[in-house]
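Student: pasting a predicted model and its sequence here:
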Amino acid sequence: MIIPTAYLPPVGYMVHIFCVEEVVIEGHETYSKQTYRNHCNIYGPNGKQMLVIPVIRVNGNHTSTKDIRISAHEPWQKIHWRSIQTAYNNSPFFLYYQDEFVPFFTRHYDFLLDFNTDLLLLLLKLTKSTIRVSFSDHFIHSSLLKSREDMVSKKNIYNNSPYFQPFASKSGFISNLSVIDCLFNLGPEAEGYLSSQGVTSYK
């Protein structure tokens, strides 16, 4: 399956790739703004909270995703990690997994695709997935182009079944957050949860 890159991807994205044995990350597409390529949503004390990686489109609107650079003009890594800590410090498995994620918010990355891919590989490892990951060597246009774009479009809603969330008593269950919400709250059960979800819930 051909997929776009995503930053700490939403549950719906992970559910789709859990249904296949291999994914090909499309890096030659023209980069689209306002998607999960550089955004993710977590569940903070005040509800859904968006985290955004600042990026530089070196060729303007014609920049390929593989050429998107991460801006170093603001301390976004420190801000994101502090937000994640605040959101999940009381989750059952945050302390168990946190050391795996710390390097991503301290180590320097030049390119968004590299950063996202390393994070995806970590998420697959932590969920005991054997899915193989490779990269396209040219832009792959197919009849499924819209479907794969839906995976990272913030306009589409994926409805996954409820699980425990620490702030749900205040704001209710929030669907399709970053998969770290699922991982920090379900721990080892996240693998089975993701495998059990349907892939037709986009609308």
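Tutor: Received, thanks. Residues are numbered from 1 along each chain as shown.
Student: would you mind putting the CA coordinates of stretch 81-92 into PDB?
Tutor: Only the C-alpha atoms of stretch 81-92 are listed here, as PDB (Å, rounded to 0.1, in the frame of the first residue of the first chain):
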ATOM      1  CA  TRP A  81       7.400  17.200  24.300                       C
ATOM      2  CA  ARG A  82       6.300  19.400  27.100                       C
ATOM      3  CA  SER A  83       2.700  19.200  25.700                       C
ATOM      4  CA  ILE A  84       2.900  15.400  25.400                       C
ATOM      5  CA  GLN A  85       4.100  15.100  29.000                       C
ATOM      6  CA  THR A  86       1.300  17.300  30.300                       C
ATOM      7  CA  ALA A  87      -1.300  15.300  28.200                       C
ATOM      8  CA  TYR A  88      -0.100  11.800  29.100                       C
ATOM      9  CA  ASN A  89       1.800  11.900  32.400                       C
ATOM     10  CA  ASN A  90      -1.200  10.300  34.100                       C
ATOM     11  CA  SER A  91      -1.800   7.700  31.300                       C
ATOM     12  CA  PRO A  92      -1.100   4.100  32.400                       C
END
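Student: what about the nearest residue to Ser195 once chain neighbours are set aside, distance to Thr63?
Tutor: Using C-beta to C-beta, 6 or more residues apart in numbering and skipping residues adjacent in sequence, the residue nearest Ser195 is Phe18, 5.4 Å away. (Each C-beta comes from the backbone N, C-alpha and C, glycine too.) Phe18 is 30 Å from Thr63, where distance means C-beta to C-beta, to the nearest Å.
Student: what do you get for Leu177?
Tutor: 28 Å.
Student: tell me which helix or strand of the protein sits lowest on mean pLDDT?
Tutor: helix 145-150 (a mean of 66; mean pLDDT, DSSP states H and E).
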